[in-house]
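**Student:** Need coordinates for the below:
(chains A and B)
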Amino acid sequence: MTEPVLRFENLGVLYRTPGAAGTRAVHALRGFTLQVTRGSRVGIVGESGSGKTTLGLALLRLLPRSAVCSGSLTLLPRDECCGRAVDVPVLSGKALRHFRGRHASMVFQDPFGAMDPVLRIGRQIVSAIACHRTLRDGAEARAFAERLLERVHLGDPAVVLRKYPHQLSGGQLQRVCIALALAHNPDVVVADEPTTALDAHLREGILSLLDEAAASGSSILLITHDISVVGSHTDRTCILYAGELVEAGPTADITADPLHPYTRLLIAARPTAQQRGAPLTVIPGNLPDLSDTAVFSRCIFLPRCPDRLPVCGRSGPPPVFTRDDRTVRCYRYGGGCGD
Amino acid sequence: MIEVRSVSKSYALRSPILQRPVGMRMVLAGVSFTIVPGETVGLLGASGSGKTTIARLLCRLDTPDSGEILIDGRPAAAFTRREYARQVQMVFQNPHASLNPRLSVRYLLTERARQCAWLDGRRVDRPAIAADVERACESAGLSTNVLTACPHQLSGGQRQRVAILMAVMLRPRLLILDEPLSALDVSLQAQMLNLLNDLQRTTGFTYLFITHDRDLAGYFCNRIVHLVEGRLADGAPI
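**Tutor:** Presented below is the predicted three-dimensional model:
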């Protein structure tokens, strides 16, 4: 199971926003390169404004019209598409509808916002199934929907199907959303902070559903701002900062031995019971203004970096340094030291 | 010392359209615990376990059906509103909803500083109030240029700081923090926790910290009270 199913090559997204002084271009994601293997679970970690949700939306082609994509994004489906890679940015019309749901799907942060409040759960699931599969009659549709809800361990699926979204708890509804996302065994499932709106004790249950999906062959992109979430539920982790991939590698290595200064700060800022009352490490400063292209001519993390080198300010952005399956974008790990 | 003594609270369940009462739902069933001055008590529990109801009762936004809340041995209901403003204040989860979007930060904080002077029985004079506001901003690590901004122009962390300041400026005995960090990024959470720790060190606040994050509660609280379906699970020190 090592073939790459999803390939991001130099993906960039910029948003054109009207401002007082003409249109501003906000470079939300720049030069993002990543390969995702089939059945793997990849965590995308970053603060708000780091471009992690933009990445998920770009994959599903859900970006607003003001967004301009560059670079390439290809998906290699496993089913009848004769092994041809799908070039995601050029999809349109029927092909795009086929792609969403069949090849890629998304679980959103707020399950109440993701479902239609005036339709019963059963109706919503059946209409989503009917987009991609011919159903003979109501009985078959109902049976299929019940099987889906059983797969996400919802008790009494027949009762749940007759309910409206507001009659379920957040945890139950998020399970319904996951069932919908997994309905056609897509190649990739993007989970955008699926547990943030839920209670902490429901988190494990929801994340283990995604683990089960990965075991059945779907790749998972788990987007989160909390690095402790990725720990036991992902194989690889990517750390995004201000639209750039600053570090990527196996999750266990990143959490045990973070290389990039930003990753180190992100881990240190997380409070634990052991360090009770001691002051926490704070990442000083704010995210840079991504509409100002001057900030891209050097390391993007430089103004906030506690361990900067003289070379960081003088040269251009740090090159990507690769070692043993890990990549890090920092001058501390070689490249450009002689500049 | 703040004592919550076998407090119960239930709400009426109503029918969907005609809103007829169809039954009662017990939210708190005989909950008792005490908060000692200067400590941080964590209140942990799943949604619907009654955490926010306790906070509402402590703020006198609601009255208990039975049991009572005592502050230094005096029932909470016996305080005048003016006195009670000095006893308990609350910081809510969503700063967007707790700050008036049409008023500048300076206006919001000045109003609090005036209220504080009034509660103290001091004369309200403008330069002293302006100095109070600037001192408060400094203590929370906010630069004075946020004063001219409206809440929507601030970052998430700045907004939550202003919300905390508004509660802190009245110098209450007990500050209730209802999930104040759950909408924030990890690095902002760390900033807020450091701010709350500093405030406690310098002014000796007592906190009731409502959260569902065990790691956070373990870091921040001296003692944790677990609520399970309106009942206390245990109040043992951790």
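**Student:** which residues touch the residue in the stretch 1-150 of chain A positioned nearest to chain B?
**Tutor:** Of the stretch 1-150 of chain A, the residue with the smallest distance to chain B, taken as C-beta to the nearest C-beta, is residue A:47 at 4.4 Å. Every residue, glycine included, has its C-beta placed from N, CA and C. With contact set as C-beta atoms under 8 Å, 6 or more residues apart in numbering or on different chains, residue A:47 has these partners: A:225, A:241, A:287, B:185, B:186, B:187.
**Student:** my guess is the second one contacts residue A:46, does it?
**Tutor:** Going back to what we said before, that points to residue A:241. Yes: under the contact definition of C-beta atoms under 8 Å, residue A:241 touches residue A:46, with a separation of 6.2 Å.
**Student:** Disregarding residues adjacent in the polypeptide, which is nearest to the residue of chain B found nearest chain A?
**Tutor:** Among all residues of chain B, residue B:218 sits closest to chain A, at 2.8 Å; criterion: C-beta to the nearest C-beta. Closest residue to residue B:218 apart from its sequence neighbours, by C-beta to C-beta, 6 or more residues apart in numbering or on different chains: residue A:273 at 2.8 Å.
**Student:** Counting neighbours, what do you get for that neighbour?
**Tutor:** Here the count is done by other C-beta atoms under 10 Å in any protein chain shown, and residue A:273 has 14 residues near it.
**Student:** and what of residue A:264?
**Tutor:** The local packing of residue A:264 (other C-beta under 10 Å) involves 16 other residues.
**Student:** A helix includes it, no?
**Tutor:** Yes: assessed with DSSP: H, G, I helix; E, B strand; the rest coil, residue A:264 lies in a helix.
**Student:** got the contact list for it?
**Tutor:** Residue A:264 makes contact with residue A:258 under the criterion C-beta under 8 Å, 6+ apart.
**Student:** Please apply the same query to residue A:233.
**Tutor:** For residue A:233, the contacting residues are A:41, A:43, A:207, A:208, A:210, A:211, A:222, by C-beta under 8 Å, 6+ apart.
**Student:** Against residue B:168, how distant is the residue nearest to residue B:218?
**Tutor:** Separation of residue A:273 from residue B:168 (C-beta to C-beta, to the nearest Å): 26 Å.
**Student:** Let me see the confidence value for the closest residue to residue A:217 other than its chain neighbours.
**Tutor:** Using C-beta to C-beta, 6+ apart and skipping residues adjacent in sequence, the residue nearest residue A:217 is residue A:39, 5.2 Å away. The score at residue A:39 is 91. That number is its pLDDT.
**Student:** where does chain A dip in pLDDT?
**Tutor:** Confidence mapping of chain A against pLDDT under 70 gives the ranges A:1, A:79-83, A:335-339.
**Student:** tell me the phi and psi of the residue nearest in space to the middle of it?
**Tutor:** Compute the mean C-alpha point of chain A, and by C-alpha atoms, centre = their mean the closest residue is residue A:223, 3.5 Å away. In terms of degrees, to the nearest 10, the main-chain angles of residue A:223 are phi -90, psi 130.
**Student:** Not counting whichever helix or strand residue A:94 is part of itself, show me its contacts.
**Tutor:** With elements delineated by DSSP states H and E, residue A:94 resides in helix A:93-102, which encompasses its position. Helix A:93-102 is touched from outside by A:60-61, A:75, A:77, A:86, A:88, A:91, A:128, A:131-132, A:183-184, A:186, with contacts defined as C-beta under 8 Å, 6+ apart.
**Student:** Narrow those to just the buried residues.
**Tutor:** If you count burial by 16 or more other C-beta atoms under 10 Å in any protein chain shown, the buried members of the contacts of helix A:93-102 come out as A:60, A:61, A:75, A:77, A:86, A:88, A:91, A:128, A:183, A:184, A:186.
**Student:** Does the fourth one belong to a helix, a strand or coil?
**Tutor:** Under the three-state scheme (three-state DSSP), residue A:77 adopts coil.
**Student:** contacting residues for it?
**Tutor:** Contacts for residue A:77 were tallied using C-beta under 8 Å, 6+ apart; they are A:5, A:84, A:86, A:102, A:103, A:187.
**Student:** gap between it and residue A:87?
**Tutor:** Counting by C-beta to C-beta, the gap from residue A:77 to residue A:87 is 12 Å.
**Student:** and what of the last one?
**Tutor:** Plainly put, residue A:186 is 17 Å away from residue A:87 if you go by C-beta to C-beta.
**Student:** Just after the longest helix seen in chain B, pick out the following helix or strand.
**Tutor:** Using DSSP state H to assign secondary structure, the helix with the most residues in chain B is helix B:186-203. Per DSSP H and E, helix B:186-203 leads on to strand B:206-211 as the next helix or strand towards the C-terminus.
**Student:** Please, where are all the helices along the chain?
**Tutor:** Let's take chain A. Taking DSSP H as the criterion, chain A contains helices spanning A:52-60, A:93-102, A:111-114, A:121-130, A:138-151, A:157-161, A:170-181, A:200-215, A:227-230, A:251-256, A:261-268, A:310-314.
**Student:** My question was about chain B, not that one.
**Tutor:** With helices called from DSSP H, chain B shows them at B:51-58, B:81-84, B:95-98, B:105-120, B:126-139, B:156-168, B:186-203, B:214-220.
**Student:** Export those helices as JSON lines, with columns for distance to residue A:229 and mean neighbour count.
**Tutor:** Formatted as JSON lines, these follow (distance: least, C-beta to C-beta, whole Å; neighbours: other C-beta atoms under 10 Å in any protein chain shown):
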{"stretch": "helix B:51-58", "distance to residue A:229": "22", "mean neighbour count": "22"}
{"stretch": "helix B:81-84", "distance to residue A:229": "40", "mean neighbour count": "12"}
{"stretch": "helix B:95-98", "distance to residue A:229": "24", "mean neighbour count": "16"}
{"stretch": "helix B:105-120", "distance to residue A:229": "33", "mean neighbour count": "18"}
{"stretch": "helix B:126-139", "distance to residue A:229": "33", "mean neighbour count": "15"}
{"stretch": "helix B:156-168", "distance to residue A:229": "19", "mean neighbour count": "22"}
{"stretch": "helix B:186-203", "distance to residue A:229": "11", "mean neighbour count": "19"}
{"stretch": "helix B:214-220", "distance to residue A:229": "12", "mean neighbour count": "20"}
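**Student:** Taking chain A, what residue is nearest to chain B?
**Tutor:** residue A:273 (2.8 Å).
**Student:** what's the closest residue to residue B:161 other than its chain neighbours in contact with, if anything?
**Tutor:** With sequence-adjacent residues excluded and distances taken as C-beta to C-beta, 6+ apart, residue B:161 is closest to residue B:140, at 4.8 Å. Contacts were defined as C-beta under 8 Å, 6+ apart; by that measure residue B:140 touches B:161, B:162, B:164, B:165, B:168, B:195.
**Student:** again, only this time at 10 Å
**Tutor:** Residues touching residue B:140, when contacts are defined by C-beta atoms under 10 Å, 6 or more residues apart in numbering or on different chains, comprise B:146, B:158, B:160-162, B:164-165, B:168-169, B:191-192, B:195, B:198-199.
**Student:** got a pLDDT number for it?
**Tutor:** If you check residue B:140, the pLDDT there is 80.
**Student:** now chain B, which segments are flagged as low pLDDT?
**Tutor:** B:234-238.
**Student:** thinking again about what came up before, quick one: the residue of the stretch 1-150 of chain A closest to chain B from residue B:61, how far?
**Tutor:** According to C-beta to C-beta, residue A:47 and residue B:61 sit 34 Å apart.
**Student:** for residue A:119, same thing?
**Tutor:** From residue A:119 across to residue B:61, the span is 36 Å (C-beta to C-beta).
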